[in-house]
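S.K.: The amino acid sequence is not available; the structure is as follows:
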């Protein structure tokens with residue numbers, strides 16, 4: 001099949017979160033099965049395009065608010081994937097991808113409407129239509145909306161299906177209703193069965209309603225977002241489409257995240273020879289400013305966006321109790337000012353135990369994964385989570401809340417079997433109890449080594465996930481053929 005990914009970010013070109021990792025890795029896995037895979041991304045100011053392999057092609061985007069003009073460059077993709085960058089300086093030549101000064105760009109609806117329509121127009125320049133267009137999050141939710149409206153009678157897309165993946169339902173793309181005219185949507189779509197959401201336009205809702213199927217990034221999250229607690233107001237919309245909602249756990253790219261080959265860590269190691277992990281721990285503590293690295297102390301690692309979702313209010317509540325224990329906490333991330341200040345203040349209050357870097361630093365992220373003993377993820381919700389999966393590979397034992405992909409990927413350790421520690425109740429005391437359980441296990445060196453080896457033997461590569469996606473694409477393609485067959489038309 002020909003499969004086209006349309007996404008607002010993807011490694012190595014632009015990244016703010018796990019979406020970019022998926023868009024960087026899943027197409028490669030699908031291409032290895034023999035599918036023809038293309039990826040279309042915006043070209044942002046910070047995008048490093050690498051080698052350009054085809055001449056730039058100009059593109060006119062016929063938005064109702066006025067024609068927009070873009071240039072599309074084919075760049076050297078990995079693993080047989082054809083990758084295209086849409087260059088539209090009016091919308092994407094900016095410092096950040098989605099926001100500035102902590103606030104969304106006010107023209108985000110127009111920006112990503114132009115990108116979504118431009119992607120469809122660019123596909124029409126190709127030699128054959130895709131069997132499946134795979135869209136991601138609210139920024140590309142207009143692709144299925146346009147296919148159901150503006151392009152509904154376009155024979156080029158007659159046999160094309162759309163899969164819409166929700167990576168985080170909390171981000172929905174909400175805009176005032178007068179935006180409909182600017183982004184080429186007929187006002188008839190502003191209804192409960194369409195894009196209307198409490199008097200606003202909800203682009204994510206449009207993606208759910210108008211796509212052929214919806215996927216999420218873990219099985220547990222697919223169930224959770226159909227509940228009031230986790231659905232962010234769209235649980236009813238998803239329950240109406242329950243038969244078309246499927247959870248497929250994200251994989252990880254072990255070419256990048258593997259302690260046996262990782263070039264960003266001080267020493268490599270394997271489950272059979274763990275000496276390199278000790279060297280990584282020592283180097284990490286020294287790099288983070290521990291004056292006398294106490295190697296017998298457990299290191300609790302955190303690499304995250306510093307945002308409400310990640311549960312750091314629980315860390316704040318138990319910080320004093322944690323600092324009474326014989327441990328280090330090493331934290332890396334950026335995010336909401338409130339939580340950046342929280343981590344800075346903890347580092348000032350406990351300079352010998354709470355070691356913090358408020359920054360985005362990919363190399364340091366690898367070094368924390370390799371050098372920490374435990375990895376803490378107390379999330380309010382977590383659609384999939386990748387760091388707990390990276391941690392498993394590095395023998396860094398996860399301590400997680402049992403939600404979303406965290407629950408799907410971590411099995412409680414019972415002294416023999418299991419890969420980490422989980423707590424269910426979203427409370428500071430539940431987190432503290434879980435950490436204390438992990439610290440107790442850490443003191444039993446034989447049991448701890450067994451636990452680390454359990455972790456490192458787990459396989460969350462993209463192969464299995466990609467097979468699930470390929471099967472879903474195939475079912476969508478066959479359903480579209482049946483729907484469009486002469487017999488069904490009759």
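M.R.: Thanks, I have it. Please read all numbers here as calculations on a predicted model, not as lab measurements.
S.K.: Please enumerate the helices of the stretch 201-350 of the chain.
M.R.: Remark: helices assigned in the stretch 201-350 of the chain by DSSP state H, counting those that start in this stretch are 203-210, 219-224, 235-240, 275-287, 312-323, 337-349.
S.K.: Tell me which of those helices is the most buried.
M.R.: Taking mean count of other CB atoms under 10 Å as the contact definition, the stretch among the helices of the stretch 201-350 of the chain with the greatest mean neighbour count is helix 203-210, which reaches a mean of 25. Placement of C-beta: from N, CA and C, glycine included.
S.K.: ok, residue 438 touching residue 399?
M.R.: Yes - checked against CB atoms under 8 Å, the pair residue 438 and residue 399 is within contact range at 5.2 Å.
S.K.: When those two are compared, which one has more neighbours?
M.R.: The neighbour comparison of residue 438 against residue 399 (other CB atoms under 10 Å) goes to residue 399, with 25 against 22.
S.K.: Need the phi and psi values for that one.
M.R.: In terms of degrees, to the nearest 10, the main-chain angles of residue 399 are phi -120, psi 110.
S.K.: got it, and the one 4 residues further on?
M.R.: Note on residue 403: its backbone torsions stand at phi -140, psi 150 [degrees, to the nearest 10].
S.K.: shared neighbours, residue 438 and residue 399?
M.R.: 374, 420, 421 (CB atoms under 8 Å, 6 or more residues apart in numbering).
S.K.: Which of these has the largest number of neighbours?
M.R.: Neighbour counts for these peak at residue 420, which has 27 neighbours (criterion: other CB under 10 Å).
S.K.: who's that residue bridged to?
M.R.: Taking DSSP bridges, one finds residue 412 as the beta-bridge partners of residue 420.
S.K.: What pLDDT is listed against it?
M.R.: Confidence at residue 420, expressed as pLDDT, is 98.
S.K.: pretty sure it contacts residue 399?
M.R.: Yes - contact between residue 420 and residue 399 holds when scored by CB under 8 Å: they sit 6.5 Å apart.
S.K.: quick one: common contacting residues for these two?
M.R.: For the pair residue 420 and residue 399, residues contacting each of them under the criterion CB under 8 Å, 6+ apart are residue 438.
S.K.: hang on, the earlier thing: okay if I get the helices of the stretch 201-350 of the chain as TSV plus distance to residue 255?
M.R.: Shown next, in TSV, are the helices of the stretch 201-350 of the chain (distance: least, CB to CB, whole Å):
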stretch	distance to residue 255
helix 203-210	30
helix 219-224	25
helix 235-240	34
helix 275-287	18
helix 312-323	31
helix 337-349	31
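S.K.: May I see the ones you listed organised as TSV, with mean pLDDT added?
M.R.: Below are these laid out as TSV (pLDDT from 0 to 100):
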stretch	mean pLDDT
helix 203-210	98
helix 219-224	97
helix 235-240	98
helix 275-287	97
helix 312-323	95
helix 337-349	95
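S.K.: Who are the contact partners of the residue lying closest to residue 182 once chain neighbours are set aside?
M.R.: The shortest distance from residue 182 to any residue other than its chain neighbours is 4.1 Å, reached at residue 65 (CB to CB, 6 or more residues apart in numbering). Residue 65 is in contact with 110, 181, 182, 183, 184, counting by CB under 8 Å, 6+ apart.
S.K.: which ones among the residues you listed are found in helices?
M.R.: Members of the contacts of residue 65 lying in helices (criterion: DSSP state H): 110, 181, 182.
S.K.: For residue 252, state which of those is nearest.
M.R.: Using CB to CB, residue 110 is the member of the ones in helices among the contacts of residue 65 that lies nearest residue 252, at 34.6 Å.
S.K.: TSV for the contacts of residue 65, including neighbour count and pLDDT?
M.R.: What follows is the contacts of residue 65, written out as TSV (neighbours: other CB atoms under 10 Å; pLDDT from 0 to 100):
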residue	neighbour count	pLDDT
110	20	97
181	12	94
182	16	95
183	22	96
184	20	96
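S.K.: re earlier: what score does the residue nearest to residue 182 have for pLDDT?
M.R.: In the predicted model, residue 65 carries a pLDDT score of 87.
S.K.: Ok, residue 293 next?
M.R.: Predicted confidence (pLDDT) at residue 293: the value is 86.
S.K.: And the strands in the stretch 51-200 of the chain, which stretches?
M.R.: Secondary structure of the stretch 51-200 of the chain (DSSP state E, counting those that start in this stretch): strands located at 57-63, 66-75, 82-87, 99-100, 103-104, 132-136, 161-166, 174-175, 196-197, 200-202.
S.K.: which one of those strands lies closest to residue 258?
M.R.: strand 82-87 (23.6 Å).
S.K.: where in the stretch 101-250 of the chain is pLDDT low?
M.R.: Counting by pLDDT under 70, the stretch 101-250 of the chain shows no low-confidence range.
S.K.: What lies in contact with stretch 160-168?
M.R.: When contacts are defined by CB under 8 Å, 6+ apart, stretch 160-168 is touched by residues 17-19, 22, 129-137, 141, 143-144, 147, 204, 207-208, 210-217, 225, 309, 383-384, 469, 472-473, 476-477, 479-480.
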